[in-house]
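Chemist: Generate a structure from the sequence data that follows.
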Amino acid sequence: MKKASKIIALLCTAALMLGVLVSCADGSGDTPSTPSNGGDDRIQLTFSFWGDITELDTTQIALDEFNNMQDRIWVTALHLGSQEIYAERLVTMATGGNMPDTGMIDERTAIGWAREGLILPYDIYEGQPSRPKDGITFRDGGRTVAYSVASEVLALWFNRAMFDEAGIDYPPTTIDTAWSWDEFIEVARQLTFDSEGRNPGDAGFDAENIVQYGAYINQWAWQLEVWALSNGGRWYSQDGTSIVFDAAAIEGMQKVYDLHLVHQVAPFNPAQTDSGWHDSLGAGNVAMASEGQWAVGFTGDSDIDYGVAVLPYMVRPANITAGGPVGIFAQTDHPQEAAEFLRWYADPENNWGPIEYGWWMPNMMNWFTEEALLQRWIDDAPNRARLPASAFRTAVADVAINTNVTHPTGWYYTPNTDAIDRILIPALVEAANGTKTVAQVIEENRSALEAALAG
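Modeler: Residues are numbered from 1 along each chain as shown. Here you go, the predicted structure:
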């Protein structure tokens, strides 16, 4: 039986946590209808997701394939608009007892929603011979509650022509040869020029008329976590129950802002939107930038000759893994069938388009360890092959499975990181523009961050 009454109040709480304004008093609202499957007597499932028209089309193609390959389960696509309104639509549906069976989940809400009973703690791979990479498993204590359908890590991207013109060797592509932070800054200095061709530190350097910047580190909130880790610090306790933001984490974040404030090698960016790529390498006036591996997809739409390398490090090499999850919603009558569908949907073979083009990396471990599979998604994929593929293998694929270097992003084990972001993102503008230090920003907001994590 569907458990609508049990979770409606919890969904309303979650909606408020997400910052959406909805009516939770009754079942009124614009609830999407579920299309009929023409009288088929199969078990009916709905799969909800957000995205643009292209994502709607590609999702429907995948569901058509699943529906046509077997005769027990029928899955209907439920497109709920943009990510910004997705949670609101789910709340509206919950008030009418009509939540989807399964669907996409915002990474930042997955643990909190599991704790509140909105998604089932269901390990869809239990007993299966092949499993996803461990780092993309959402866990609430000992419970597995969701898996990412793609595996993403960060990398250092660079404009080859700018390096060639300056006569500087390309950045290293293996962890054991990665630049230290000081080496990174020095190369960035050599690649930063004012309108008269002077570098920072040169006599007469005009910081108000920089025509080319040497570097940009993406300052979108969750990506900053990697520099806390690289500097030997943490944002969250390992069990996800408390805020840490220790001295090493704060220092690591400050070093990122100092690229602009002190070293004058990076453009100012208040990071109010996730526009790091477009405001740096994609704009054509920055030589190096950190960004997720999904930047492969951006390179396919550009005439710039890009390269890829490993991130520099502060105290130790570090990276973070990420990827949007799917899960089973608590109102479903058919968790076993939903799990069967999600295993199929998350299989790289069934989501080949975004993997081949470069937006996603496979989520299954064997796609990183078996040569024939590596060949398919790296060497034979045009956008990765042009990097070249050998550099992508060592700078990205090898890093992704190195658990000494790459760690789960905080949202894989910490609740309510969406609420934390709503505090951090505007507060850190003052650190970015130099009005306050990172230490001041964190200490002024520490109580609010702790309250946000607690929900």
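Chemist: from here on, contacts and neighbour counts on C-alpha atoms
Modeler: Will do.
Chemist: Spell out the secondary structure type for K436.
Modeler: When classified by DSSP: H, G, I helix; E, B strand; the rest coil, K436 comes out as coil.
Chemist: can you give me the strands in the protein?
Modeler: When assigned using DSSP state E, the strands of the chain occupy the ranges 43-49, 73-79, 102-104, 137-140, 143-148, 154-159, 193-194, 210-212, 288-292, 306-309, 319-321, 325-328, 406-408.
Chemist: Mean pLDDT, mean neighbour count and distance to L56 added to the ones you listed, as JSON lines?
Modeler: Below are the strands of the chain laid out as JSON lines (pLDDT from 0 to 100; neighbours: other C-alpha atoms under 10 Å; distance: least, C-alpha to C-alpha, whole Å):
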{"stretch": "strand 43-49", "mean pLDDT": "96", "mean neighbour count": "20", "distance to L56": "8"}
{"stretch": "strand 73-79", "mean pLDDT": "96", "mean neighbour count": "21", "distance to L56": "7"}
{"stretch": "strand 102-104", "mean pLDDT": "95", "mean neighbour count": "24", "distance to L56": "13"}
{"stretch": "strand 137-140", "mean pLDDT": "94", "mean neighbour count": "23", "distance to L56": "25"}
{"stretch": "strand 143-148", "mean pLDDT": "94", "mean neighbour count": "24", "distance to L56": "19"}
{"stretch": "strand 154-159", "mean pLDDT": "98", "mean neighbour count": "25", "distance to L56": "27"}
{"stretch": "strand 193-194", "mean pLDDT": "98", "mean neighbour count": "20", "distance to L56": "44"}
{"stretch": "strand 210-212", "mean pLDDT": "98", "mean neighbour count": "19", "distance to L56": "39"}
{"stretch": "strand 288-292", "mean pLDDT": "97", "mean neighbour count": "25", "distance to L56": "23"}
{"stretch": "strand 306-309", "mean pLDDT": "97", "mean neighbour count": "26", "distance to L56": "30"}
{"stretch": "strand 319-321", "mean pLDDT": "97", "mean neighbour count": "26", "distance to L56": "26"}
{"stretch": "strand 325-328", "mean pLDDT": "95", "mean neighbour count": "26", "distance to L56": "16"}
{"stretch": "strand 406-408", "mean pLDDT": "97", "mean neighbour count": "21", "distance to L56": "29"}
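Chemist: Quick check: which of these is nearest to P121?
Modeler: strand 143-148 (4.2 Å; C-alpha to C-alpha).
Chemist: hang on, the earlier thing: quick one: closest of the strands of the chain to W222.
Modeler: With C-alpha to C-alpha as the measure, strand 319-321 is the member of the strands of the chain nearest W222 (9.5 Å).
Chemist: ok, the residue nearest the centre of the chain - contacts?
Modeler: The residue lying closest to the centre of the chain (C-alpha atoms, centre = their mean) is A322, at 4.4 Å. A322 sits next to I136, S148, A150, S151, E152, V153, P408, T409 when contact means C-alpha atoms under 8 Å, 6 or more residues apart in numbering.
Chemist: any chance of these in JSON lines, plus distance to A77?
Modeler: Shown next, in JSON lines, are those (distance: C-alpha to C-alpha, whole Å):
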{"residue": "I136", "distance to A77": "24"}
{"residue": "S148", "distance to A77": "19"}
{"residue": "A150", "distance to A77": "19"}
{"residue": "S151", "distance to A77": "23"}
{"residue": "E152", "distance to A77": "25"}
{"residue": "V153", "distance to A77": "29"}
{"residue": "P408", "distance to A77": "30"}
{"residue": "T409", "distance to A77": "29"}
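Chemist: For A339, state which of those residues is nearest.
Modeler: Taking C-alpha to C-alpha as the measure, S148 is the one of these closest to A339, at 13.6 Å.
Chemist: so that closest one sits right up against G324, yeah?
Modeler: Yes: between S148 and G324 there is a contact at 5.0 Å, judged by C-alpha atoms under 8 Å.
Chemist: So what's the residue count around Q272?
Modeler: Close neighbours of Q272, defined as other C-alpha atoms under 10 Å, add up to 13.
Chemist: That one against Q219, yeah?
Modeler: No: applying C-alpha under 8 Å, one finds Q272 not in contact with Q219, separated by 9.1 Å.
Chemist: Quick one: residues contacting the residue nearest to G410 when sequence neighbours are not counted.
Modeler: Sequence neighbours aside, Y236 is the residue nearest to G410 in space, at 6.8 Å (criterion: C-alpha to C-alpha, 6 or more residues apart in numbering). The contact partners of Y236, by C-alpha under 8 Å, 6+ apart, come to S242, I243, V244, F245, G410, T414.
Chemist: Y236 and S242, how far apart?
Modeler: Using C-alpha to C-alpha, to the nearest Å, Y236 is found at 6 Å from S242.
Chemist: for G167, same thing?
Modeler: G167 sits 48 Å away from S242, going by C-alpha to C-alpha.
Chemist: of all the contacts of Y236, which comes closest to R376?
Modeler: G410 (30.8 Å).
Chemist: Return the distance of the closest one relative to V438.
Modeler: G410 sits at a distance of 19 Å from V438 (criterion: C-alpha to C-alpha).
Chemist: again, but for I185
Modeler: Counting by C-alpha to C-alpha, the gap from I185 to V438 is 20 Å.
Chemist: residues near A439, how many?
Modeler: Neighbour count of A439, defined by other C-alpha under 10 Å: 17.
Chemist: Surely it is in contact with G252?
Modeler: No: in this structure, A439 is not within contact of G252 by C-alpha under 8 Å, at 10.7 Å.
Chemist: burial count for E349?
Modeler: There are 11 residues near E349, going by other C-alpha under 10 Å.
Chemist: my bad, G142
Modeler: Neighbours of G142 under the rule other C-alpha under 10 Å: 7.
Chemist: which ones are touching T409?
Modeler: W222, E225, I320, T321, A322.
Chemist: Would you check that the third one makes contact with A155?
Modeler: This points to I320. No: in this structure, I320 is not within contact of A155 by C-alpha under 8 Å, at 10.0 Å.
Chemist: circling back: enumerate the beta-bridge partners assigned to the residue nearest to G410.
Modeler: Beta bridges link Y236 to I243 when assigned by DSSP bridges.
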